[in-house]
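Student: okay, sequence plus prediction incoming.
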Amino acid sequence: MVEPWLSADEISIHLGVTKDTVYSWIADKRMPAHKVGRLWKFQTSEVDEWVRSGGAAEHSDRSPSTEE
C-alpha cells in the first residue's frame, strides 16, 4: 500500500507539536519535507526516522556537549 502524504497540520498532530514548530524544524533543523506548489507535504516514515535519529532534539545554537 502506498504511504499517504500528510499536510503540515496532520504531521503536527502526529508529532504532538504546533504547526509553527513544524515550520521552524523545516527551516532550522532540516526536517524532511517536500514542497508541492505552496504547500509542504510529509511522509510519516521519513519524519519518524528523522525524529528517531535525533533531528528534532538537536540544538542548532549549541555544540554537542560532552560528559566528563
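Tutor: Noted; the coordinates are in hand.

Student: what's next to the helix or strand harbouring residue 50, contact-wise?
Tutor: Per DSSP states H and E: residue 50 is located in helix 44-52. The contact list for helix 44-52 (Cβ atoms under 8 Å, 6 or more residues apart in numbering) reads 3, 6, 11, 14-15, 31-32, 56. Placement of C-beta: from N, CA and C, glycine included.

Student: go again using 10 Å as the cut-off
Tutor: With contact meaning Cβ atoms under 10 Å, 6 or more residues apart in numbering, helix 44-52 is reached by 3-6, 10-11, 14-15, 22, 25, 29-34, 42-43, 55-57.

Student: and residue 57, how far is that from residue 40?
Tutor: Using Cβ to Cβ, to the nearest Å, we find residue 57 at a distance of 21 Å from residue 40.

Student: again, but for residue 13
Tutor: Here the criterion is Cβ to Cβ. By it, residue 13 lies 14 Å from residue 40.

Student: ok so, going back, hey, C-alpha coordinates of the helix holding residue 50 in CSV?
Tutor: Below are the C-alpha coordinates for helix 44-52, written out as CSV (Å, rounded to 0.1, in the frame of the first residue of the first chain):
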residue,chain,number,x,y,z
THR,A,44,5.3,9.8,8.1
SER,A,45,8.1,7.2,7.7
GLU,A,46,10.7,9.9,6.7
VAL,A,47,9.7,12.2,9.6
ASP,A,48,9.6,9.3,12.1
GLU,A,49,13.1,8.2,11.1
TRP,A,50,14.3,11.9,11.4
VAL,A,51,12.9,12.1,14.9
ARG,A,52,14.4,8.7,15.9
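
Student: residues touching residue 27, list them.
Tutor: By Cβ under 10 Å, 6+ apart, the contact set of residue 27 is residue 33.

Student: name the element it belongs to?
Tutor: Going by DSSP H and E, residue 27 is in helix 19-29.

Student: note down every partner strand of the helix or strand following that helix and its orientation.
Tutor: Next in sequence after helix 19-29, counting helices and strands by DSSP H and E, comes strand 34-36. Strand 34-36 has the following strand partners under DSSP bridges: strand 39-43 (antiparallel).

Student: okay, the strand it pairs with in PDB with CA atoms only?
Tutor: In PDB, the C-alpha atoms belonging to strand 39-43 read as follows (Å, rounded to 0.1, in the frame of the first residue of the first chain):
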ATOM      1  CA  LEU A  39       2.200  23.500   0.400                       C
ATOM      2  CA  TRP A  40       4.600  21.400   2.500                       C
ATOM      3  CA  LYS A  41       3.900  17.700   2.400                       C
ATOM      4  CA  PHE A  42       5.400  15.000   4.600                       C
ATOM      5  CA  GLN A  43       5.800  11.200   4.600                       C
END
